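Asks: Predicted structure and sequence below. I'll ask about it afterward.
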Amino acid sequence: LDEATAFADPDNEVRVQQALSALSKGKTVIMIAHRLSSITDADCIYVLQDGEIVESGTHSGLIERNGIFTKMWKNYSEAAEWKIAKEVNA
């Protein structure tokens, strides 16, 4: 699956994730994700850099390793808090 929830609003993203979870029970699923929150429950996450696997593990294991995935997660988490502010004319 390549960005299965890329264009989903938050409510529908949750529904899609729940459906994917139910459909993938007992199956191997390869998912490409830019929304890192969509893969936190994955059995194994592979981090690619320049076409090579540079890290692999569970979400918590990769965070503990404090490597590339940790940096990506921190950047992703910070960006998730961004808001578009209303411009005020002075």
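Replies: Received, thanks. As the structure is a computational prediction, the values presented were derived from the model and not from experiment.

Asks: who touches G57 in this structure?
Replies: C44, I45, R65 (C-beta atoms under 8 Å, 6 or more residues apart in numbering). No exception for glycine: its C-beta is placed from N, CA and C like everyone else's.

Asks: can I have stretch 30-49 written out in CSV, keeping just the CAs?
Replies: Only the C-alpha atoms of stretch 30-49 are listed here, as CSV (Å, rounded to 0.1, in the frame of the first residue of the first chain):
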residue,chain,number,x,y,z
ILE,A,30,4.0,-3.8,2.8
MET,A,31,3.1,-0.2,3.3
ILE,A,32,4.9,3.0,2.2
ALA,A,33,4.1,5.8,4.7
HIS,A,34,5.0,9.4,5.0
ARG,A,35,2.4,9.8,7.9
LEU,A,36,4.5,8.0,10.4
SER,A,37,1.6,7.7,12.8
SER,A,38,0.1,5.2,10.4
ILE,A,39,2.8,2.7,11.0
THR,A,40,3.4,2.9,14.8
ASP,A,41,1.7,-0.6,15.3
ALA,A,42,3.7,-2.3,12.5
ASP,A,43,5.5,-5.5,13.4
CYS,A,44,8.6,-4.2,11.6
ILE,A,45,9.5,-0.8,10.1
TYR,A,46,12.2,-0.4,7.5
VAL,A,47,13.9,3.0,7.2
LEU,A,48,15.3,3.7,3.7
GLN,A,49,18.0,6.3,2.9
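
Asks: Now do the buried residues in that stretch.
Replies: A33, L36, S38, I45, V47 (16 or more other C-beta atoms under 10 Å).

Asks: farthest-separated two in these?
Replies: Within these, S38 and V47 form the most distant pair, 14.8 Å apart (C-beta to C-beta).

Asks: to the chain's geometric centre, what's the distance from the helix or strand of the chain with the lowest mean pLDDT?
Replies: In the chain, no helix or strand scores lower on mean pLDDT, DSSP states H and E than helix 10-23, which sits at a mean of 82. Offset of helix 10-23 from its chain centre (C-alpha atoms, centre = their mean, to the nearest Å): 14 Å.

Asks: No further queries at this time; thank you.
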